[in-house]
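J.: sharing a sequence plus its predicted fold:
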Amino acid sequence: MDTTKDWLELAAAAGVSGAEEPVRQVVMRRLGERSQWAWVDALGNIVVPVAAGPSKTQGASRPRLVLSAPLDEPGLVVTHIDAAGWLRVDVVGELPAARLEGRVVLFETRESERRPVAGLIGIDRRQRRAADGHEIHDEEWGAEDLFVDIGAISAQQAASRVPLGSVGVIETSDVRNLGETFPGLNRWLGRTVGRRLLVEVLLHVFARPQIAGEPWLLFAAQSLLHGRGVEGALADLRPQYYIPLLPIPAEDWPVSARDGEIRLGQGPVLIVEEGDGVSDRQLLALAHKLAQANGIPVQWRAASTRGSNDLGEGLWVRGGVRTLGLGLPVRMRTGMAEMVDQRDADGLERLLMALLGAMGEPG
């Protein structure tokens, strides 16, 4: 993949779960002329057949293979506005509420399309006291204790700029290529760059002149809301095979609770198990065989963590869908700053193309 203006625009676009319109607009522009054969469903997913044409429209025959990448990211949603103008918020996705104090949140509203409204996140320590009178530890603060100061002095003034239901992302620096500091490193640093790089991989697949197997692409909305977007789309499309691309936490730095096997720059991840999702054993074996044949280093992930994700959604489609989870290692997966290695994304794209070639023929 090349470092391009298009990629930087995609990486910078906001897209909190359930409010993905900014990033959705970027993706639709990137689809170019073939976007006329794509559609946005009721949940906000972008569904597009690679072999675009009049016969490939909504309601067409069942696709053989669907590839997906998440459009959304974690953020905050405004749930209440105090008389003094403080915004009360809830967390959407994986943001650790106790670590948000002192951070800046950017709210996208209709009145501020060109310039988001910025606010300072705080913890309301007066609202809650420990029952036994002892000081509450930092990790015990939750979303219900958060408030945001946008500079307003009344509820009316605050609501005029950031009404109830507005969503915001945590401000970080612009997306940076660390190769500018360390030539040859080619790592990206920025807000939610892991999830955005997965979208970029699918866009690169879509841009190929000829793709075996004629897969359909699903740019999935609401994936952080228990895989809600993918669940609805798969129920509608009912493919024979499904390959979701997922961000996988890297375990090669001190923040990780354990010194595990998932490392930046060591290749894409073959996901055996993640949350309530399990990959098809035959598809895993095929992916491993193709990786070896094409000189693509891969890593393995088997984590029976709690919660649902896009990998498990094929289980709920009538009759089931044979699923293969592929991952991209990401340092931090919290909706704040993240780091990814371009080599892992390039390896993931190569592995996808090999899989499409092998799965393109019946059998």
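T.: Received it, and whenever you're ready, just let me know what you need.

J.: looking at the protein, which helix is longest?
T.: Using DSSP state H to define each element, the chain has its longest helix at helix 342-359.

J.: distance of the residue nearest to residue 98 when sequence neighbours are not counted from residue 100?
T.: Distances taken as CB to CB, 6 or more residues apart in numbering place residue 141 nearest to residue 98, at 4.5 Å, with adjacent residues excluded. (Glycine included, C-beta is placed from N, CA and C.) Taking CB to CB, to the nearest Å as the measure, residue 141 falls 9 Å from residue 100.

J.: these two: who's more crowded?
T.: residue 100 (24 against 20; other CB atoms under 10 Å).

J.: now the phi/psi pair for that one, please.
T.: phi -90, psi -10 (degrees, to the nearest 10).

J.: and it, what is it in contact with?
T.: Contacts of residue 100 were listed using CB atoms under 8 Å, 6 or more residues apart in numbering, and they are 121, 146, 170.

J.: if we go to 10 Å?
T.: Contacts for residue 100 (CB atoms under 10 Å, 6 or more residues apart in numbering) come out as 76, 89, 91, 121-123, 141, 143, 146, 148, 170, 334-336.

J.: distance check, it against residue 145.
T.: Distance from residue 100 to residue 145, by CB to CB: 10 Å.

J.: common neighbours of those two, please.
T.: 122, 123.

J.: joint contacts of residue 141 and residue 100?
T.: What both residue 141 and residue 100 touch, as defined by CB under 10 Å, 6+ apart, is the set residue 123.

J.: now the angle from the lengthiest strand in the chain to helix 342-359?
T.: Secondary structure of the chain per DSSP state E: the longest strand is strand 241-249. Inter-element angle recorded for strand 241-249 and helix 342-359: 170 degrees (by axes from the mean of the first three to the mean of the last three CA atoms, to 10 degrees).

J.: just checking: what are the partner strands of strand 241-249?
T.: Using DSSP bridges, the strands paired with strand 241-249 are strand 65-70 (parallel), strand 322-323 (parallel), strand 325-330 (parallel).

J.: now for those, which one comes closest to residue 214?
T.: strand 65-70 (7.9 Å; CB to CB).

J.: then the closest one to CSV, C-alphas only?
T.: Only the C-alpha atoms of strand 65-70 are listed here, as CSV (Å, rounded to 0.1, in the frame of the first residue of the first chain):
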residue,chain,number,x,y,z
LEU,A,65,-18.3,-15.0,-0.1
VAL,A,66,-18.5,-11.8,2.0
LEU,A,67,-15.5,-9.9,3.4
SER,A,68,-16.0,-7.3,6.1
ALA,A,69,-14.1,-4.6,7.9
PRO,A,70,-15.4,-2.3,10.7
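
J.: please enumerate the strands of the stretch 101-250 of the chain.
T.: 104-108, 117-123, 146-149, 167-170, 176-177, 187-191, 216-220, 241-249 (DSSP state E, counting those that start in this stretch).

J.: I'd like these as TSV, with distance to residue 82 and mean pLDDT appended.
T.: TSV is the format used below for these (distance: least, CB to CB, whole Å; pLDDT from 0 to 100):
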stretch	distance to residue 82	mean pLDDT
strand 104-108	16	93
strand 117-123	12	96
strand 146-149	8	97
strand 167-170	17	94
strand 176-177	37	90
strand 187-191	28	93
strand 216-220	35	95
strand 241-249	35	94
